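**Q** Task: produce atomic coordinates for the following.
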Amino acid sequence: MSFEKQNLNKLFQYCLNDSAFQEVLSLVKTNSKGKIWIIGGFIYRNIVAQINNTAPYNYDMDFIVEKKNKTLKKVAGWRIENNSYNNPNYVTDSHKMSFTDMKKAVRISGMAKPTIDNFILDTPLNIQSIAYDLKNNKLIGEKGIRALADRIIAVNHLEQARFYAQRKNKTLNELLNEKAHELGFKAILV
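**A** All right, here's what the predicted structure looks like:
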């Protein structure tokens, strides 16, 4: 493990004690079986917040699980709503979360073998090609880790990135510029 990776891992671990995160993690555990990984903006936004000494991010938390229950349990204070991929998740006015069964992750190229490594291999953007393994308490995904270390936003998987931008009603370059501006990174446009 490189020094950068160890440092980023430590920077991220602080947010695991956040009360909102712990509540959301409890919802995921109650509605799934097997391993759980944190993915997406919750990881990279919190690492950038630590680096920039800004407020932690806990609005939107995303997870991948080995097996998600078919029906989510009703929980007081949370609504169950489908996300843009028609995947049911919990939301409140102050927090939202998404958790996906690894076997049902939406990938343009499909995933012949649904593993966390294959999932992060085909993320739209390099910054998204990262996950946090809750069982082993470590960051995985060299492309995402490198994106954070280099402070660069770029396409990771072109077809998946085009699909992602289309779902957001943006051009791919608009999406890249928006993410780069949000994080204070440089965008590599297509």
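
**Q** what does the model give the residue lying farthest from the centre of the chain for pLDDT?
**A** Distance from the C-alpha centroid of the chain, by CA atoms, centre = their mean, peaks at Ala76 (25.0 Å). With respect to pLDDT, Ala76 has a value of 95.

**Q** what secondary structure does it sit in?
**A** Classification of Ala76 by DSSP: H, G, I helix; E, B strand; the rest coil places it in coil.

**Q** OK, contacts around it?
**A** Applying CB atoms under 8 Å, 6 or more residues apart in numbering to Ala76 gives no contacts. Every C-beta, even on glycine, is put in place using the N, C-alpha and C of the backbone.

**Q** Return the distance of it relative to Ser26.
**A** Separation of Ala76 from Ser26 (CB to CB, to the nearest Å) stands at 13 Å.

**Q** now swap in Ser32 and tell me
**A** Separation of Ser32 from Ser26 (CB to CB): 11 Å.

**Q** try Asn118
**A** Counting by CB to CB, the gap from Asn118 to Ser26 is 27 Å.

**Q** Who has more neighbours out of the two?
**A** Just comparing Asn118 and Ser26: by other CB atoms under 10 Å the higher neighbour count belongs to Asn118, 16 against 11.

**Q** Mind jotting down where the helices sit in the protein?
**A** Remark: helices assigned in the chain by DSSP state H are 3-13, 19-30, 41-52, 116-121, 142-150, 158-167, 172-183.

**Q** Between the ones you listed, which one is closest to Phe63.
**A** Of all the helices of the chain, the one in closest proximity to Phe63, counting by CB to CB, is helix 19-30 (5.2 Å).

**Q** Against which helices or strands is the closest one packed?
**A** strand 32-39, strand 60-68, strand 96-101 (3 or more CB pairs under 8 Å, 6 or more residues apart in numbering; DSSP states H and E).

**Q** got JSON lines for those, with mean neighbour count, distance to Asp150 and mean pLDDT too?
**A** Output for the helices and strands packed on helix 19-30, formatted as JSON lines (neighbours: other CB atoms under 10 Å; distance: least, CB to CB, whole Å; pLDDT from 0 to 100):
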{"stretch": "strand 32-39", "mean neighbour count": "19", "distance to Asp150": "20", "mean pLDDT": "97"}
{"stretch": "strand 60-68", "mean neighbour count": "21", "distance to Asp150": "23", "mean pLDDT": "96"}
{"stretch": "strand 96-101", "mean neighbour count": "21", "distance to Asp150": "27", "mean pLDDT": "93"}
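
**Q** Including distance to Leu175, could those go into JSON lines?
**A** Below are the helices and strands packed on helix 19-30 laid out as JSON lines (distance: least, CB to CB, whole Å):
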{"stretch": "strand 32-39", "distance to Leu175": "18"}
{"stretch": "strand 60-68", "distance to Leu175": "16"}
{"stretch": "strand 96-101", "distance to Leu175": "18"}
